[in-house]
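A.B. asks: here's my sequence, what's the structure:
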Amino acid sequence: RDTCLATFLLSGISCPRAARPSIKGQPATPAEPFGDEALEFVKDQIMQREVEIEVESCDKAGNFIGYLFAEDKNMSVELVKEGLAKMHFTAERGKYFDHLSRAEADAKDAQKRMWKDFVETVVEKNRILRNRRQQYHRFFSSIEGCSSNTHRRLQ
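C.D. replies: Numbering: from 1, shown residues only. Below is the predicted model:
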């Protein structure tokens, strides 16, 4: 019997990393704020349960990227809702953008975890929009074969 390891990344979110032990000479990595808590949250939601995945794509390293569902709950949305992750700029063209956007707004309003000290100002909103546009442009510029016409159509 063979064992196969597949890496699956949750789409549409940016989640802090949990602590990682030292492996094969690589130094241990400390957790980012809320990283360990996010890992425990997901484990509590999915371990020893049936899950469904929707694969959207693969990255350059061969990792699968998509959505994970447990008991009809989208784990990307649940992490954002709990303030344990934030929406990634690529979510804007994803299937669950509205759900993620609403979850992030609710988490900010409730000042959950990573949003505990968050105060959104007009300046902050403009900075976020400007950064998203820049990230969006860099992302599509880095895709081989993505013409400027394609990029304009997607904006």
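A.B. asks: alpha carbons of the helix or strand hosting residue 77, as PDB, please.
C.D. replies: Assessed by DSSP states H and E, residue 77 sits inside helix 75-81. Output of helix 75-81 as PDB, limited to C-alpha atoms (Å, rounded to 0.1, in the frame of the first residue of the first chain):
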ATOM      1  CA  MET A  75     -13.500  26.700   6.200                       C
ATOM      2  CA  SER A  76     -12.100  29.800   4.400                       C
ATOM      3  CA  VAL A  77     -15.200  31.700   5.300                       C
ATOM      4  CA  GLU A  78     -15.300  30.300   8.900                       C
ATOM      5  CA  LEU A  79     -11.600  31.300   9.500                       C
ATOM      6  CA  VAL A  80     -12.400  34.900   8.300                       C
ATOM      7  CA  LYS A  81     -15.600  35.100  10.300                       C
END
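A.B. asks: now that helix, how far from the centre of its chain.
C.D. replies: 9 Å (Cα atoms, centre = their mean, to the nearest Å).
A.B. asks: following the chain past that helix, name the next helix or strand.
C.D. replies: Scanning forward in sequence from helix 75-81 by DSSP H and E, the next helix or strand is strand 86-87.
A.B. asks: who are the packing partners of that following strand?
C.D. replies: strand 13-14, helix 97-109 (3 or more Cβ pairs under 8 Å, 6 or more residues apart in numbering; DSSP states H and E). Placement of C-beta: from N, CA and C, glycine included.
A.B. asks: got the phi and psi for residue 53?
C.D. replies: phi -120, psi 150 (degrees, to the nearest 10).
A.B. asks: I meant residue 134, not that one.
C.D. replies: Per-residue torsions, residue 134: phi -70, psi -40 (degrees, to the nearest 10).
A.B. asks: same thing with residue 82?
C.D. replies: Dihedral pair for residue 82: phi -90, psi 0, per degrees, to the nearest 10.
A.B. asks: contacts only, for it.
C.D. replies: The contact partners of residue 82, taken as Cβ atoms under 8 Å, 6 or more residues apart in numbering, are 41, 107, 112-113.
A.B. asks: setting aside sequence neighbours, what's the nearest residue to residue 86?
C.D. replies: Spatial nearest neighbour of residue 86, chain neighbours left out: residue 14 (5.4 Å); criterion: Cβ to Cβ, 6 or more residues apart in numbering.
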